[in-house]
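S.K.: When you get a sec, could you give me coordinates for this:
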Amino acid sequence: MSEPKHIKQLLRERVAELAAYLFPDGRREGVHWCVGDITGVTGASFKICIAGNKAGSWGDFADSRKHSQNLLDLWMQARNADFKTALRECTDWLGTPISRYEQRGTQFWPAGAADQIPADFLSVEECRRAVKMAVTLRNDPKLCEQIANARGWKSETIRDLTVGPHLGWHEGKLAFIYETGVKLRWRQDDERVIRWAFGKPWLWRGSLVNCARTVVLSEGETDTISLIDAGIERTEGTVAIALPSASTFDERWTSLFEGKEVILAFDADKAGQEATRRVSQLLRMHVASLKQLNWGGLRRAS
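M.R.: You can find the predicted model right below:
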């Protein structure tokens, strides 16, 4: 599930509150919040369903063709905002980068993923620490720009990744936020240092796999960020995730990829070639298709 899709889900869960927030001059009629049009003028032809099976549906009932269930789009139109602005404003309004990190239990996972989640995901206190790291980075545009410039990424990509939350900042260190822990990365005496602040390895952004059609799997978080920055997730149904390292792939993770189209985006060095060989062997019998991205094009994984 992509981050915008998850934001839309969270907005649906609070649609009654959202409708009143966007259109404070509206009024409730049965299961609908009613205004005259998208600008919020007094009236009743524009309705947002706030209860029942159709909660989240909205549109101008004077024109039966103009209906939608996309509450992020409703925000964009009501606030005259572009997509990224609306996404950030919605995230702020929801009050946390992603509310699933404020609770502990399987309810925050995509439907059908309960049998795939790690048995030892973060505790409540660890979730709060991870969210704090994400907020620290997200609220510092200069830091986002600094990180982006150092890696050749767009600062918007850095900030968007705090929404998961997948990326954060902790005591001068870049924090890669997993569902099972937080890995810190920094340079010390010109040497790259990687340490786990708490928790243990899993798949970075692994919770997105369940609702994806195509999964692009790289051998590290920074490679995945480069792919996202290049626009690989603009294709609907595609998500990019990372192994915690080229040598780390638990055989039990294969069930996550059942029936998916998988693209391996590992490096061409010895470690990457070995990762391609091993992961291909483990996934081949489970996935719908398996290909390899050699950073110059796609080819079938051997």
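S.K.: only C-alpha atoms for contact and neighbour calcs from this point on.
M.R.: Will do.
S.K.: What lies in contact with the strand or helix carrying Trp196?
M.R.: Under the criterion of DSSP states H and E, Trp196 resides in strand 191-199. Residues outside strand 191-199 that contact it (CA atoms under 8 Å, 6 or more residues apart in numbering): Phe121, Leu122, Glu126, Thr180, Gly181, Val182, Lys183, Leu184, Arg185, Trp186, Arg187.
S.K.: contacting residues for the second one?
M.R.: Listed by CA under 8 Å, 6+ apart, the contact set of Leu122 reads Arg104, Glu179, Thr180, Gly181, Gly199.
S.K.: What pLDDT is listed against the first one?
M.R.: pLDDT, the model's per-residue confidence, is 36 for Arg104.
S.K.: In this structure, what residue spans correspond to strands?
M.R.: Residue ranges of the strands in the chain, as given by DSSP state E, are 27-29, 32-35, 46-49, 58-60, 67-68, 167-170, 173-177, 181-188, 191-199, 214-218, 238-242, 261-265, 289-293, 298-300.
S.K.: quick one: buried residues of the longest one?
M.R.: Residues of strand 191-199 classed as buried: Ala197, Gly199 (neighbour count, 16 or more other CA atoms under 10 Å).
S.K.: From the contacts of strand 191-199, list the buried ones, please.
M.R.: Neighbour counting with 16+ other CA under 10 Å marks Phe121, Leu122, Glu126, Thr180, Gly181, Val182, Lys183, Leu184, Arg185 as buried within the contacts of strand 191-199.
S.K.: Tabulate those residues (TSV), appending pLDDT and distance to Asn149.
M.R.: Listed next are these as TSV, based on pLDDT from 0 to 100; distance: CA to CA, whole Å:
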residue	pLDDT	distance to Asn149
Phe121	64	33
Leu122	71	31
Glu126	84	30
Thr180	88	29
Gly181	92	27
Val182	96	23
Lys183	97	21
Leu184	97	19
Arg185	94	17
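S.K.: per-domain residue ranges of this protein.
M.R.: Domains of the chain are assigned by automatic domain parsing as 3-93, 112-199, 206-300.
S.K.: gap between the closest residue in space to Ser247 that isn't next to it in sequence and Ile225?
M.R.: Of all residues beyond its chain neighbours, the one nearest Ser247 is Ala275 (6.2 Å), with distances taken as CA to CA, 6 or more residues apart in numbering. Applying CA to CA, to the nearest Å, the value for Ala275 to Ile225 is 19 Å.
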